[in-house]
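Undergrad: no FASTA, just this:
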């Protein structure tokens with residue numbers, strides 16, 4: 001599958017303009033769907049971009065760290081609301097939770113103490129913890145969104161503490177190998193793009209060192225390619241249960257906090273969220289000295305964009321703006337074609353008995369069987385999502401999707417055994433349009 005020629009030209013123009021005006025030695029941009037590249041474009045010659053060329057992910061690494069936190073939570077190693085001191089005894093900032101660290105609402109400062117960790121070789125987790133003091137927390141949790149690299153260093157320390165394995169070994173075993181991301185590595189592996197700072201006045205390039213972040217690796221260490229990141233984008237859109245369940249990935253992609261007053265940017269349990277028009281994209285950006293990166297995924301269409309540049313920032317724009325513009329251009333030009341409607345088998349069992357029209361407070365609803373589930377849809381309210389129920393016991397159904405998620409549907413039967421009413425969370429639906437109870 002590939003983009004239409006005119007859409008591909010538009011994406012190529014976005015990338016070329018960003019590289020030219022942004023003064024990046026090279027810029028790589030890919031549109032992906034279902035693990036495959038729909039379109040790749042590159043601009044610049046240092047080096048000429050290629051789908052197999054590694055760039056540094058920077059903070060996109062945090063989404064893989066968060067995935068491992070959710071994995072171990074699901075396996076019973078800890079709960080997200082555990083306080084930090086429970087797993088890192090003696091830490092002076094132990095009163096924050098894992099959930100708060102994941103969502104950048106812990107009140108923790110942005111960086112660890114010492115020299116700027118991104119430009120210096122990092123120490124181990126013991127060294128990171130030794131440098132902590134109570135004043136690293138500047139405010140109460142959940143009062144403000146405040147991005148914290150230190151938070152993810154601490155999450156990495158917890159992963160190592162509870163498993164007895166290094167973060168590098170864990171990310172390889174638990175995420176990269178199961179998803180076939182074999183060109184995503186802890187250290188750069190040829191071919192990889194060297195990273196630069198571009199001189200603001202003369203445009204000359206100054207190569208940046210490529211250092212091991214040590215205990216801060218969970219916040220920004222990894223290197224990858226657009227082909228590997230296509231697999232990661234696909235995982236976020238359509239999770240592989242062998243790595244993490246859909247429920248847990250959905251939980252990661254649910255907003256914890258809004259980043260701005262316009263509600264166009266938020267943060268989940270690892271991923272960021274950006275609203276563009278009526279769409280919400282699951283995203284995360286990254287930067288390390290000499291590199292910027294961006295991942296953006298529209299989960300509903302399973303389409304994503306990956307963008308890399310080997311300069312520390314883009315002049316006059318941002319790598320996030322470039323990726324969001326490209327993704328929006330693709331979705332506007334090539335909306336996903338709906339799956340064809342197929343007739344279903346005649347409903348059987350209790351679901352069949354409940355199919356048909358129901359009324360509540362003068363509003364009409366239609367109940368239909370979908371496999372073994374019962375789906376109830378308001379008639380004439382196209383903007384409202386259907387309610388889905390799964391059968392728990394005779395005459396008892398539990399909401400599994402929609403506004404009645406988790407609510408009980410009880411079937412009320414008449415003397416002859418026919419279904420006369422549906423009691424959904426105390427709202428009683430009737431076959432009689434005049435019924436108002």
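TA: Received, thanks. Remember, it's a predicted structure, so these values are computed and weren't measured experimentally.

Undergrad: Just the buried positions in stretch 409-420, please.
TA: For stretch 409-420, burial by neighbour count (16 or more other C-beta atoms under 10 Å) applies to 409, 411, 419-420. Using the backbone N, CA and C atoms, a C-beta is placed for each residue, glycine as well.

Undergrad: just those now: which is nearest residue 305?
TA: Of all the buried residues of stretch 409-420, residue 305 sits closest to residue 409, with 41.1 Å by C-beta to C-beta.

Undergrad: that older thread, restricted to strands, list the buried residues of stretch 409-420.
TA: Taking DSSP state E, the ones among the buried residues of stretch 409-420 that sit in strands are 409, 411, 419-420.

Undergrad: pretty sure residue 94 is in a strand, no?
TA: No: Residue 94: not assigned to a strand; according to DSSP: H, G, I helix; E, B strand; the rest coil it is coil.

Undergrad: If I look at it, what pLDDT would I see?
TA: pLDDT recorded at residue 94 is 85.

Undergrad: Closest to residue 78 out of the ones in strands among the buried residues of stretch 409-420?
TA: Among these, and counting by C-beta to C-beta, the member closest to residue 78 is residue 409, at 35.0 Å.

Undergrad: Residue 373 versus that closest one, what's the distance?
TA: For residue 409, the distance to residue 373 equals 11 Å [C-beta to C-beta, to the nearest Å].

Undergrad: hey, where'd the strands end up in the stretch 51-200 of the chain?
TA: 55-56, 196-198 (DSSP state E, counting those that start in this stretch).

Undergrad: now, of those, which is deepest in the fold?
TA: Comparing these by mean neighbour count (mean count of other C-beta atoms under 10 Å), strand 55-56 ranks first with a mean of 28.

Undergrad: Identify each buried residue in stretch 186-200, please.
TA: 186, 188, 192-196, 198.

Undergrad: cool, stretch 238-251 as well?
TA: Neighbour count says stretch 238-251 has 239-240, 243-244, 248-249, 251 buried, by 16+ other C-beta under 10 Å.

Undergrad: Tell me which two in the residues you listed are the farthest apart.
TA: Using C-beta to C-beta, the buried residues of stretch 238-251 reach their maximum pairwise distance at 240 and 251, which is 15.8 Å.

Undergrad: My guess is residue 233 contacts residue 295. True?
TA: Yes: the pair residue 233 / residue 295 is scored as a contact, 6.4 Å apart, by C-beta atoms under 8 Å.

Undergrad: What residues does the nearest residue to residue 148 once chain neighbours are set aside make contact with?
TA: Distances taken as C-beta to C-beta, 6 or more residues apart in numbering put residue 108 closest to residue 148, at 4.6 Å, once the chain neighbours are dropped. Taking C-beta atoms under 8 Å, 6 or more residues apart in numbering, we find residue 108 in contact with 93, 96, 101, 136-138, 146, 148, 150-151, 154.

Undergrad: who does residue 108 bridge with?
TA: Beta bridges link residue 108 to residue 137 when assigned by DSSP bridges.

Undergrad: For the helix or strand where residue 13 lies, name the packing helices and strands.
TA: Element membership for residue 13, per DSSP states H and E: helix 5-22. Helices and strands touching helix 5-22, by 3 or more C-beta pairs under 8 Å, 6 or more residues apart in numbering; DSSP states H and E, are strand 26-33, strand 36-44, strand 303-309, helix 319-333.

Undergrad: now the second one against helix 319-333, angle please.
TA: In other words, strand 36-44. 130 degrees (axes from the mean of the first three to the mean of the last three C-alpha atoms, to 10 degrees).

Undergrad: Can you pull out the residues in contact with strand 36-44?
TA: 1-3, 7-8, 11-12, 15-16, 18-20, 24-32, 48-51, 226-227, 230, 303, 330.

Undergrad: Next: the last one.
TA: Helix 319-333 has contacts (C-beta under 8 Å, 6+ apart) with 3-4, 6-7, 10-11, 14-15, 18, 22, 27, 29, 31, 38, 274, 276-277, 279, 281, 283, 285, 292-296, 298, 301, 303-309, 314.

Undergrad: Give me the buried positions along that helix.
TA: Residues 319-331 are the ones in helix 319-333 that count as buried (16+ other C-beta under 10 Å).

Undergrad: Which strand residues bridge residue 37?
TA: Using DSSP bridges, the bridge partners assigned to residue 37 are residue 32.

Undergrad: For residue 23, see how far away it is.
TA: Taking C-beta to C-beta, one finds residue 37 at 26 Å from residue 23.

Undergrad: residue ranges with poor pLDDT in the chain?
TA: 381-383, 437 (pLDDT under 70).

Undergrad: Without its sequence neighbours, what residue ends up closest to residue 74?
TA: residue 248 (5.9 Å).

Undergrad: Same question for residue 362.
TA: residue 436 (7.1 Å).

Undergrad: helix or strand for the one you found, which one?
TA: Counting by DSSP H and E, residue 436 is found in no helix or strand.

Undergrad: Hmm, residue 363 and it touching each other?
TA: No: at 10.6 Å, residue 436 does not count as touching residue 363 under the criterion of C-beta under 8 Å.
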